[in-house]
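Student: sequence and predicted structure are below.
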Amino acid sequence: METLQNILHTLLVDDKIAVWLRAGALVVIGLPLIFAGAKALSVFVSTHHSRQYGMVAGKVVKYAGIVLVAFTILREFGFSLAPLLGAAGIIGVALGFASQTSVSNLISGLFLIAEAPFEVG
């Protein structure tokens, strides 16, 4: 009996197993909550505004939540997010300069969706 207690204590106290359990819990609990929340927001916005608004709002929440869970899991495993975010900022600036025309078209499209000068007929 004492050996079983020692084994359980070692398994639960060991940092590696605890980290994997917390990361697994984040995936198992966090992702379904994010998907359900994004779907609920999409339905809510679609009923009060257009269907396109609902789709955009749901996707923004879903992708932001996935990134948040991924960053939380990386932090749980001991990765420092500062260099990762710094590199992402530099890459973002470089891609922004390289794709100014495409980004301008994307922003124009978002304004068309937001102002809704046209309706699906």
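Tutor: Here it is on my side, so go on. Since the structure is predicted, the reported quantities are computational estimates derived from the model, not experimental observations. Residues are numbered from 1 along each chain as shown.
Student: can you list the domains in the chain?
Tutor: With domains defined by automatic domain parsing, the chain comprises 1-79, 80-121.
Student: how about these in TSV, adding mean pLDDT?
Tutor: Below are the domains of the chain laid out as TSV (pLDDT from 0 to 100):
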stretch	mean pLDDT
domain 1-79	84
domain 80-121	83
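Student: pick the most deeply packed of those domains.
Tutor: With neighbours defined as mean count of other C-beta atoms under 10 Å, these peak in mean count at domain 1-79, which reaches a mean of 13. (Each C-beta comes from the backbone N, C-alpha and C, glycine too.)
Student: next one: that domain to chain centre, how far?
Tutor: Put simply, domain 1-79 sits 9 Å off its chain's centre (C-alpha atoms, centre = their mean, to the nearest Å).
Student: which residues does stretch 43-61 contact?
Tutor: Contacts of stretch 43-61 from elsewhere in the structure, counted by C-beta atoms under 8 Å, 6 or more residues apart in numbering, are I34, G37, A38, K39, L41, S42, I113, A116.
Student: please repeat the previous calculation with a cut-off of 10 Å.
Tutor: With contact meaning C-beta atoms under 10 Å, 6 or more residues apart in numbering, stretch 43-61 is reached by 34-35, 37-42, 110, 112-114, 116, 119-120.
Student: and which of those residues is nearest A70?
Tutor: The shortest distance between A70 and any of the contacts of stretch 43-61, using C-beta to C-beta, involves I34 and amounts to 11.1 Å.
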